[in-house]
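Participant: Below are the sequence and a predicted model; questions follow.
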Amino acid sequence: MPLAVYMDVHVPMSVTQSLRRRGLDVLTSQEDDTAAVDDQTLLARATDLGRVLFSQDQDFLSIAAEWQAAGRWFLGIVFAPQRGVSLGGLAADLELLLTCCDPQELANRVTYLPLK
């Protein structure tokens, strides 16, 4: 069963729509009324909902390091830079991760895209 993903406010809607067309469970921060909350709260929300967080916001890299150092559990962050990546490639890589990985493989770590 594919993992569910929580999209940060910075993710282009075309990536979300592409994943949904592929049958994946995607929730955006806008749909969850969390677009204005701080990043720590957003990661906690994604974890509470049992979703991997996808973001293109570099602040999540330091938040992940803080949580790892403190022993605070999170379901995982998938990160991609905002520049130099194709949106179609991001959607394809996300689909691969969400369908091939189990929660333990992504938990408490940052996975970087693109995969190539």
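Facilitator: Received, thanks. Numbers count the residues shown, from 1 in each chain.
Participant: how much space between R109 and Q30?
Facilitator: 26 Å (Cβ to Cβ, to the nearest Å). C-beta coordinates here come from the backbone N, C-alpha and C atoms, glycine included.
Participant: what helices or strands is the helix or strand where F54 lies leaning on?
Facilitator: If you go by DSSP states H and E, F54 is part of strand 52-55. In terms of contact count using 3 or more Cβ pairs under 8 Å, 6 or more residues apart in numbering; DSSP states H and E, strand 52-55 is assigned the packing partners strand 5-7, helix 39-48, strand 77-79, helix 87-100.
Participant: Can you give me the distance of the residue nearest to D102 when sequence neighbours are not counted to F79?
Facilitator: Distance criterion Cβ to Cβ, 6 or more residues apart in numbering; nearest residue to D102, sequence neighbours excluded, is L3 at 7.8 Å. Remark: distance between L3 and F79 (Cβ to Cβ) = 16 Å.
Participant: Looking at the two, which is more packed in?
Facilitator: Set L3 next to F79 and count neighbours by other Cβ atoms under 10 Å: L3 wins out with 22 against 18.
Participant: tell me the contacts of that one?
Facilitator: R51, V52, L97, L98, T99, C101, D102, P103, L106 (Cβ atoms under 8 Å, 6 or more residues apart in numbering).
Participant: How is the residue nearest to D102 assigned, secondary-structure-wise?
Facilitator: coil (DSSP: H, G, I helix; E, B strand; the rest coil).
Participant: For D33, see how far away it is.
Facilitator: Computed as Cβ to Cβ, the L3 to D33 distance reads 22 Å.
Participant: Next, find the distance separating the spatially closest residue to F74 that is not a sequence neighbour from S86.
Facilitator: Counting by Cβ to Cβ, 6+ apart, the nearest residue to F74 once its immediate chain neighbours are dropped is T47, at 4.7 Å. Computed as Cβ to Cβ, the T47 to S86 distance reads 29 Å.
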